[in-house]
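Trainee: Dropping a prediction and its sequence here:
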Amino acid sequence: MSTSLTSTAASAQPALRLAFALSMGAAVSLGITRFSYGLLLPPMRADLGWSYALAGGMNTANAVGYLIGALITPMLMRRFGVTRLLVVGAVLASVFMAGSGFVTAAPALLLQRLLAGIASAWVFVAGGLLAARLGEAGSSRGGLLLGIYYGGTGFGIALSALLVPQVLRAAADVPHGWAWAWWALAIASAAATCLLAWAGRAMPDSAPAAHAAPSSAAAANAPPVALRRFGWALAGYALFGMGYIGYMTFVIALLREQGASAGFITLFYALLGVACVASSRLWAGLLDRYRGGQPQALLNGLLGVATLLPVLSPSAPVALVSGVLFGGVFLSVVASTTALVRHNLPPARWAQGISMFTIVFAAGQIVGPTVTGWISDGAGGLARGLVASAITLWAAAVLASRQHALQETP
């Protein structure tokens, strides 16, 4: 008995190591490429004279690129393989982030954010597919392995929280000192890419025809049915994309308006990132147990509460509770959609299912930052914009709650 348990524990270690290494894909594609911008938005806006609508438009451009990338990811995976696309996307995301430090004109920065979004979608979808395969191989811990992958975003957030303020402080007397932060983030992303490349070699892209590239005849039959039957979850996920990105784009700006110090903002964002990493364990059982939209609904409801807290009170403890709650939940919403695909579709359809959710997620994120910024430019400011985000997240919870499993549990 004890020999069997020892053997099982030993065999679990490679899967956990691979999941943590793959999580660098989420760290690069979301934690660094997208969410670090929330820390850079206040100094860039002050230096370049942006409105909140234009500041939000930078993340909208990133989301447009993400949508473009998600749309072409299945074709690229068929042509080049999942692991190659994963690594190439991470390399390009690092390059495009570095490019954001060399320009100051809004159109050029919008282009850089767009290109980084395209590359990050390749990384995120390809990494999610590999994590789903890893979870299937160790199906008893599939929710945990998926959670570790998506929780990798927290590593990127925490790293950004520790890195960006230090670089901004060091470059305070340099014209456009925020550019140095983009370069530092690009270097961090490149370092994470090295670990991601190791994970790609350890998990070769085997059987691409079976898993990543269904035949055209099969693709013509099953996906439309799956699309209709995932309708509630897809609609809820689109609203999640709209709601959560408003918080991640503007919460730092709100805290600074409320008088938060640079040290407190570092603490806030670091705790948000740590909570994001911890969420992989916190919600693993929920993702393994339910085959419908229940996890997505519960998590969106909690996110709405977290988004509203800093609006209701400017106190530091309330802000920290908001950040920890938000960080402990939001990436698990993303993991819940991959779990939904894994529970309800055969492996040959996983790539299409994950891409399908990624597309509606990206569509929501295109709308979210600009609309939140536009609302924030009016009466009520950033607080009113975050209220709109919270309402959007609660609407997402209602829609997701109506999603049922596609088949009975065996």
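Mentor: Perfect, thanks for sending it.
Trainee: Low-confidence stretches in the stretch 51-200 of the chain?
Mentor: 135-143 (pLDDT under 70).
Trainee: what pLDDT does A217 get?
Mentor: The pLDDT attached to A217 in the predicted structure is 39.
Trainee: same question, M248
Mentor: At M248, pLDDT is 89.
Trainee: Hmm, it is touching L41, no?
Mentor: No: taking contacts as Cβ atoms under 8 Å, M248 lies outside contact range of L41: 10.3 Å. All C-beta spots, glycine's among them, are computed from the backbone N, C-alpha and C.
Trainee: Correct me if wrong: Y37 contacts T249.
Mentor: Yes: using Cβ under 8 Å, Y37 makes contact with T249 at a distance of 7.2 Å.
Trainee: More neighbours: which of the two?
Mentor: Neighbour totals were compared for Y37 and T249, and T249 leads with 30 against 26 (other Cβ atoms under 10 Å).
Trainee: what touches both of Y37 and T249?
Mentor: N59 (Cβ atoms under 8 Å, 6 or more residues apart in numbering).
Trainee: buried residues in the helix or strand P317 falls within?
Mentor: Using DSSP states H and E, the element containing P317 is helix 316-327. Buried residues in helix 316-327, counted by 16 or more other Cβ atoms under 10 Å: A316, A319, L320, V321, S322, G323, V324, L325, F326, G327.
Trainee: Quick one: residues contacting W183.
Mentor: So W183 contacts A98, G101 (Cβ under 8 Å, 6+ apart).
Trainee: Repeat that for L312.
Mentor: V318.
Trainee: start at 12 instead
Mentor: New numbering, starting at 12: the last item is L323.
Trainee: right, and A72 touches R124 too?
Mentor: Yes: the pair A72 and R124 qualifies as a contact (Cβ under 8 Å) at a distance of 4.2 Å.
Trainee: before we move on, back to that, nearest to I198 among the buried residues of helix 327-338?
Mentor: G338 (24.0 Å; Cβ to Cβ).
Trainee: quick one: contacts for that closest one?
Mentor: So G338 contacts G165, I168, L282, L283, G284, V285, A286, C287, S290 (Cβ under 8 Å, 6+ apart).
Trainee: what comes up buried for the helix or strand harbouring the last one?
Mentor: According to DSSP H and E, S290 maps onto helix 273-293. Counting neighbours by 16+ other Cβ under 10 Å, one finds that the buried residues in helix 273-293 are 275-291.
Trainee: which helices and strands does that helix pack with?
Mentor: For helix 273-293, the packing partners by 3 or more Cβ pairs under 8 Å, 6 or more residues apart in numbering; DSSP states H and E come out as helix 48-59, helix 153-181, helix 242-268, helix 327-338, helix 341-355.
Trainee: let's go with 10 Å and repeat that
Mentor: helix 13-37, helix 48-59, helix 153-181, helix 242-268, helix 305-323, helix 327-338, helix 341-355 (3 or more Cβ pairs under 10 Å, 6 or more residues apart in numbering; DSSP states H and E).
Trainee: can you redo the ones you listed as CSV with distance to G389?
Mentor: Output for these, formatted as CSV (distance: least, Cβ to Cβ, whole Å):
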stretch, distance to G389
helix 13-37, 34
helix 48-59, 17
helix 153-181, 29
helix 242-268, 14
helix 305-323, 15
helix 327-338, 23
helix 341-355, 26
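Trainee: Lowest average pLDDT across those?
Mentor: helix 13-37 has the lowest average pLDDT among the helices and strands packed on helix 273-293, namely a mean of 65.
Trainee: From A346, how far out is L97?
Mentor: Per Cβ to Cβ, to the nearest Å, L97 is found 18 Å from A346.
Trainee: ignore the last one, G392
Mentor: From G392 to A346 the distance is 33 Å (Cβ to Cβ).
Trainee: With S412 instead?
Mentor: 18 Å.
Trainee: With A401 instead?
Mentor: For A401, the distance to A346 - Cβ to Cβ - is 21 Å.
Trainee: between the two, which one's more packed in?
Mentor: Set A401 next to A346 and count neighbours by other Cβ under 10 Å: A346 wins out with 30 against 20.
Trainee: and the more buried one, what is it in contact with?
Mentor: Residues near A346 by Cβ atoms under 10 Å, 6 or more residues apart in numbering: 37, 139, 142, 146, 154, 156-162, 290-291, 294-295, 297-298, 306-307, 310.
Trainee: What sits closest to G391 if chain neighbours are left out?
Mentor: Nearest non-adjacent residue to G391, counting by Cβ to Cβ, 6 or more residues apart in numbering: V398, 7.8 Å away.
Trainee: helix, strand or coil for that neighbour?
Mentor: Using DSSP: H, G, I helix; E, B strand; the rest coil, the structure places V398 in helix.
Trainee: Now do the contacts for it.
Mentor: V398 touches G257, T318, L319, V322, L323, T383, I386, G391, counting by Cβ under 10 Å, 6+ apart.
Trainee: ChimeraX command for the buried members of the residues you listed?
Mentor: Buried members of those, defined by 16+ other Cβ under 10 Å, are picked up in ChimeraX with:
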select :257,318,319,322,383,386
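Trainee: now, which of the contacts of V398 sits nearest A246?
Mentor: The shortest approach to A246 among those belongs to G257, at 18.0 Å (Cβ to Cβ).
Trainee: Do I have it right that that closest one meets I386?
Mentor: Yes: with contact defined as Cβ atoms under 10 Å, G257 reaches I386; the gap is 8.7 Å.
Trainee: Mind listing the shared neighbours of the two?
Mentor: Contact criterion Cβ under 10 Å, 6+ apart; residues bridging G257 and I386 by contacting each: G67, L393, G396, L397, V398, A399, S400.
Trainee: Of those, which pair is most distant in space?
Mentor: Greatest spatial distance among the shared contacts of G257 and I386 (Cβ to Cβ): G67 and V398, at 15.5 Å.
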